[in-house]
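K.L.:
show me how the following folds:
(2 chains)
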Amino acid sequence: MMIPAKRKAVVEHALCVACGCCVKVCPLSAISVYHGHYAQVDPTRCVGCGKCMKECPASVIHVEEVAQ
Amino acid sequence: MKKKHWYDYLWIVSAAYLILGFFNILFAWLGLLCFFIPLILSVVTGQKSYCNRYCGRGQLFSLLGGRFGLSRRHDIPKWMKSKGFRYGFLVFFFVMFFLMLWNTYLVFAGAQSLSQVVTLLWTFRLPWQWAYHGTLFSPGVAQFAFGFYSVMLTSTVLGLVTMVLFKPRSWCVYCPMGTMTQLICKAKHHTDS
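P.N.:
Presented below is the predicted three-dimensional model:
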């Protein structure tokens, strides 16, 4: 049986400014700022709603199909 | 809806700071808090907790650009989020800041008289004498206030412009304090691990 791919937020770590805007809007607390470096998505919690993508001032978050 | 915390209202402090500068320029000194708190937090905790939680300016931009809809919500241009621009802007900001400190020193030393102007965007000298009612200390104290308020007003205006053009908190992308605290966090994490 094929397992369907799920949509998850993916952060371009190299260009993330770690401002934390995404953390504030995430309804599931699935995103956090890793040691002041970049935002990190917890794939077990993320449902790919895209709120963080809309909020990100640097536009470095995208929602992508991620294989399970 | 997430629970609101006391620090979610710090935008009021940021707005009050800008308004107070129109009445008495000496309030500009309070702005040093926005310089020292983020630096201390990043050095001590190795996190950008100031940006993430306490930055009133960021909250003000997200309120104006978000809830009040004063933002086109377009993507910021690629070059503005590049490391080159961010570090370049940090260096430029530092140079201008030290020039401001030098001018303050000259007034303290008596080599220059107090100039009651706020310099917007490092170019436009706005007369601001209405907000100066004398100082108990050296005129240098007031000169620093004028200079520091210039820095704060300039960065707010830049932030408002990019808020309108791009996403509400576009300022965060090239904010010199944000770039600096991120560098501190990276250095700290690098040495700790």
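
K.L.:
okay, CA-based contacts and neighbour counts for the rest of this
P.N.:
Noted.

K.L.:
which parts of the chain are helices?
P.N.:
I went with chain A, as the question did not name one. Under the criterion DSSP state H, chain A contains helices at A:21-25, A:51-55.

K.L.:
can you look at chain B instead?
P.N.:
Remark: helices assigned in chain B by DSSP H are B:10-20, B:33-45, B:49, B:56-62, B:83-108, B:139-165, B:171-174, B:176-192.

K.L.:
before we move on, back to that, so which of the helices of chain A gets nearest B:Leu10?
P.N.:
Nearest of the helices of chain A to B:Leu10, taken as CA to CA: helix A:21-25 at 14.6 Å.

K.L.:
mind checking how far the residue positioned nearest the centre of chain B is from A:Ser32?
P.N.:
For chain B, the residue sitting closest to the mean C-alpha position, by CA atoms, centre = their mean, is B:Met152 at 4.5 Å. As for B:Met152, its distance to A:Ser32 is 29 Å (criterion: CA to CA, to the nearest Å).

K.L.:
cool, and B:Leu153?
P.N.:
As judged by CA to CA, B:Leu153 and A:Ser32 stand 31 Å apart.

K.L.:
do A:Gly20 as well
P.N.:
Counting by CA to CA - A:Gly20 and A:Ser32 are separated by 7 Å.

K.L.:
give me phi/psi at A:Cys16?
P.N.:
With angles defined as degrees, to the nearest 10, A:Cys16 sits at phi -70, psi 140.

K.L.:
surely it is in contact with A:Gln40?
P.N.:
No - the pair A:Cys16 / A:Gln40 is not scored as a contact, 9.9 Å apart, by CA atoms under 8 Å.

K.L.:
next, format the helices of chain B as a markdown table and append distance to B:Lys3 and mean pLDDT.
P.N.:
Formatted as a markdown table, these follow (distance: least, CA to CA, whole Å; pLDDT from 0 to 100):
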| stretch | distance to B:Lys3 | mean pLDDT |
| --- | --- | --- |
| helix B:10-20 | 15 | 97 |
| helix B:33-45 | 23 | 95 |
| helix B:49 | 18 | 95 |
| helix B:56-62 | 16 | 96 |
| helix B:83-108 | 33 | 96 |
| helix B:139-165 | 25 | 96 |
| helix B:171-174 | 23 | 97 |
| helix B:176-192 | 25 | 93 |
